[in-house]
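> Please work out how this folds:
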Amino acid sequence: METNRAVSIPTAFKKCEETGRIDNFAKAAGLMTGQYRGSYPFDDSDLYKVIEGASYSLILHPDKELEAYVDGVIAKIAAAQEKDGYLYTWRALRAKGYEDWSGTTRWSLLGTSHELYVAGHLIEAGVAYYQATGKRALFDVAIMFADLIDNDFGPDKIHDTPGHPNIEMALAKLFRVTGNERYLKLAGFFLDERGRPHARASYGEYAQEHKRVVEQDEAVGHAVRAVYLYSGMADVGALIGNVEYLKAIDRIWGSVVSKKLYLTGGIGATDSIAEAFGANYELPNLTAYCETCAAIGNVFWNHRLFLLHCDAKYVDVLERTLYNGFLSGVSLKGDTFFYANPLESDGKSPFYEGTLTRQPWFECACCPGNITRLIASIPGYVYAHRDNALYVNLFGGNEAKIEIGGQTVKIKQETLYPWDGAVKMTVKPEKSREFDMYVRIPCWARGHPVPSDLYQYLDESADEVTLRLNGQSIPLNVEAGFARIGRIWREADVIELDLPMPIRRVVANDKVAEDRGKVALERGPFVYCIEWVDNQGHVLNLLLPDNAPLKAQCRKDMLNGIIALTGKALALNSDGKSAERDFVAIPYYAWSNRGEGEMAVWLRRSGQSIPDKQN
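Okay, the predicted model is just below:
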């Protein structure tokens, strides 16, 4: 989070300056002359996402210099807004080259123009900056644009829906801040219009418009669009009480977690042309797309499902995605980014824009800004509360104040998690009072990599999760993945949770053809990979025997400090013979920070033993 504040956010703003994204607003406002600079009609959204990330960062770490900078950027955005509220610099500057995407007039090609998607990111940025600073400049811009959209779209107005969802989540946020129900109704309108084309061709399965949203039961099409849509359905369904939306996303979630989820929590199996979900159990490794934005959307979606159902299985998927499929999207230095996050590299095949390594920016730069806003918002995922219950979802050193039944409860976590499973939580209610605490027991600590049969652990673990209250052991009483502790809480009550972190071998469901006969390694919430730089330059020829001993080793000298896994594997030679070799595995998120080369999450496995050195 500190790297995000000090490096990633300033880097992203600098790139928005260098690529003309900020100047486009100044040009649209008449503050400077020149033509549109950028790659796509929807480039405005990249700047909005960085502003949202900066907003969350300002809540955590007040920074007058950053705030003043953002104020200056917002002034240009506000000046560029048209009198009726419309704001889309591509159209304002009459840019050329993508008319078949943007259309010649506003709202004319919503399947590809992303006008409503861009508006959604503007609204989210305006809400976030208002909540962070109390300043209304961008918030008022967002409200004016939302009012225009509401005036233009509706049952007796324009019948259309965005090709790329996002406006639905944004309008739900705007409703929650303003209390104006017209925004919530508008979000519902866009959801209900999907799958009901009026005087236009359907946007099809790729844009999740092959059926009405309430009829869908499988994740299909562009992965980012899909999870943004499902997140919007969760928001609107919860706020207006539409049970059919919620039933649909429950069905879809089941299809993802049981058939279309990578071990890293990544989603989207097909290449940069489609960026989409594949068929059931289609999970290639070398060509896995796993777009960073899709991982972010997966976090959004699973968080909302948890808030709906209070079931830890959704946080289990969220955490897996957060520490693996998402975190790999940004370098350890915080200044370069991955668009795609494959689970294997041959050191030769580029997987996005002709590159093998993280880049400082992209032609389509949706991921960097998205990364800044998710990392800065992580505190919002740690706890939750409802009625007389407090939920502890994620673990990490922190202090928080939470309102439970009109009373402030302070909670402090002390832990080295995710490297160590010992978590000490000190609870300090304002006054002694009774409430329930729900402490998540991750599914990986309960013997399941994910809440389905898509993956399973090859080996059993004899280590058990333990829970203590004020030094005394207490039963876990697990309900929906949470250990419930109900009592009258007093000043400085202490909960001690111990989540053992043995090294686990993982195998995939046999229906995943790509992973048959292979094994992956995990420890705690981390998925591991084998990278060339630690393993004599090659890893794709390694075979890991099932009985090969594995050790966890603290390596403060590697990759900003990690726990590495070590052991012996067999290196297969071109003549078919094998030789014993030491190997080192690192957390998947840290790969490709030391140059280009081979990498693999899944290794060929064998039931044979490591050969005797004398043979």
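
> Helix or strand: which one has the residue nearest in space to the middle of the chain?
In the chain, the residue lying closest to the centroid (Cα atoms, centre = their mean) is residue 296, at 2.1 Å. Assigned by DSSP states H and E, residue 296 falls within helix 292-309.

> and that helix, what other elements does it pack with?
The helices and strands touching helix 292-309, judged by 3 or more Cβ pairs under 8 Å, 6 or more residues apart in numbering; DSSP states H and E, are helix 223-240, helix 243-259, helix 312-320, helix 366-376. Where you see a C-beta, it was placed from the backbone N, CA and C, and this is true even at glycine.

> And the strands in the stretch 301-450 of the chain?
Ranges of strands within the stretch 301-450 of the chain are 344-346, 383-386, 389-392, 398-404, 407-415, 422-429, 433-440, based on DSSP state E, counting those that start in this stretch.

> Need the winner for burial among those strands.
Among these, strand 389-392 has the highest mean neighbour count (mean count of other Cβ atoms under 10 Å), at a mean of 21.

> returning to what we had before: any chance of the helices and strands packed on helix 292-309 in TSV with mean pLDDT as columns?
Converted to TSV, those look like this (pLDDT from 0 to 100):
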stretch	mean pLDDT
helix 223-240	98
helix 243-259	98
helix 312-320	98
helix 366-376	98
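
> Those: which one's closest to residue 214?
Nearest to residue 214, of all the helices and strands packed on helix 292-309, is helix 243-259, at 4.2 Å by Cβ to Cβ.

> Next, the buried residues of the lowest-mean-pLDDT helix or strand in the chain.
Ranking every helix and strand in the chain by mean pLDDT, DSSP states H and E puts helix 99-102 at the bottom, with a mean of 86. For helix 99-102, the neighbour count (16 or more other Cβ atoms under 10 Å) marks 101-102 as buried.

> Run the chain-centre distance for it.
29 Å (Cα atoms, centre = their mean, to the nearest Å).

> Mind giving me the packing neighbours of it?
helix 110-113.

> follow-up on the earlier one: list the contacts for the residue nearest to the centre of the chain?
Residue 296 is in contact with 326, 370-371, 374, counting by Cβ atoms under 8 Å, 6 or more residues apart in numbering.

> hmm, 6 Å instead?
370, 374 (Cβ atoms under 6 Å, 6 or more residues apart in numbering).

> before we move on, what about residue 119?
Taking Cβ under 6 Å, 6+ apart, one finds 145, 167 in contact with residue 119.

> From residue 352, how far off is it?
Distance, residue 119 to residue 352, using Cβ to Cβ, to the nearest Å: 27 Å.

> give me every residue that touches residue 315.
306, 393, 440.

> distance of the first one from residue 276?
Applying Cβ to Cβ, the value for residue 306 to residue 276 is 25 Å.

> Let me know the pLDDT of residue 609.
Looking at residue 609, its pLDDT reads 50.

> got it, and residue 7?
pLDDT, residue 7: 98.

> Not including adjacent chain positions, what is the nearest residue to it?
Spatial nearest neighbour of residue 7, excluding adjacent residues (Cβ to Cβ, 6 or more residues apart in numbering): residue 334 at 3.6 Å.

> burial of that neighbour, as a residue count?
21 (other Cβ atoms under 10 Å).

> Pretty sure residue 320 sits against residue 264.
No. The criterion here is Cβ atoms under 6 Å, and residue 320 misses it with residue 264 at 7.2 Å.

> Show me the shaky parts of the protein.
607-615 (pLDDT under 70).

> let's go with 80 and repeat that
Across the chain, residues meeting the criterion (pLDDT under 80) sit at 98, 272, 576, 607-615.

> how is it carved up into domains?
The chain breaks down by automatic domain parsing into domains covering 383-498, 517-606.

> give the contact list for residue 454.
Taking Cβ under 6 Å, 6+ apart, one finds 258, 509 in contact with residue 454.

> Quick check: it vs residue 279, distance?
14 Å.

> next one: residue 357
Relative to residue 279, and taking Cβ to Cβ, residue 357 is found at 30 Å.

> if we can go back for a sec, just put the strands of the stretch 301-450 of the chain in JSON lines and tack on distance to residue 143.
Converted to JSON lines, the strands of the stretch 301-450 of the chain look like this (distance: least, Cβ to Cβ, whole Å):
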{"stretch": "strand 344-346", "distance to residue 143": "46"}
{"stretch": "strand 383-386", "distance to residue 143": "28"}
{"stretch": "strand 389-392", "distance to residue 143": "32"}
{"stretch": "strand 398-404", "distance to residue 143": "27"}
{"stretch": "strand 407-415", "distance to residue 143": "32"}
{"stretch": "strand 422-429", "distance to residue 143": "38"}
{"stretch": "strand 433-440", "distance to residue 143": "37"}
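
> Residue 577 is nearest to which of these?
Per Cβ to Cβ, nearest to residue 577 of these: strand 344-346, 22.0 Å.

> ok, residues contacting that closest one?
285-286, 599-600.

> ok now that strand, how far from the chain's centre?
Per Cα atoms, centre = their mean, the centroid offset for strand 344-346 relative to its chain is 23 Å.

> So in that sheet, which strands flank that strand, and in what orientation?
Its sheet considered, strand 344-346 pairs with strand 598-600 (antiparallel) by DSSP bridges.

> next helix or strand past the partner strand?
Following strand 598-600 in sequence, per DSSP H and E, is strand 603-606.

> related to what we said a few turns ago, for residue 34, which of the domains of the chain is the nearest?
Nearest of those (Cβ to Cβ): domain 517-606, 36.8 Å.

> The closest residue to residue 573 other than its chain neighbours and residue 347, how far apart?
Nearest residue to residue 573 in three dimensions, chain neighbours excluded: residue 579, at 6.8 Å (Cβ to Cβ, 6+ apart). In this view, residue 579 and residue 347 are 21 Å apart by Cβ to Cβ.

> tilt between the helix holding residue 296 and helix 366-376?
40 degrees (axes from the mean of the first three to the mean of the last three Cα atoms, to 10 degrees).
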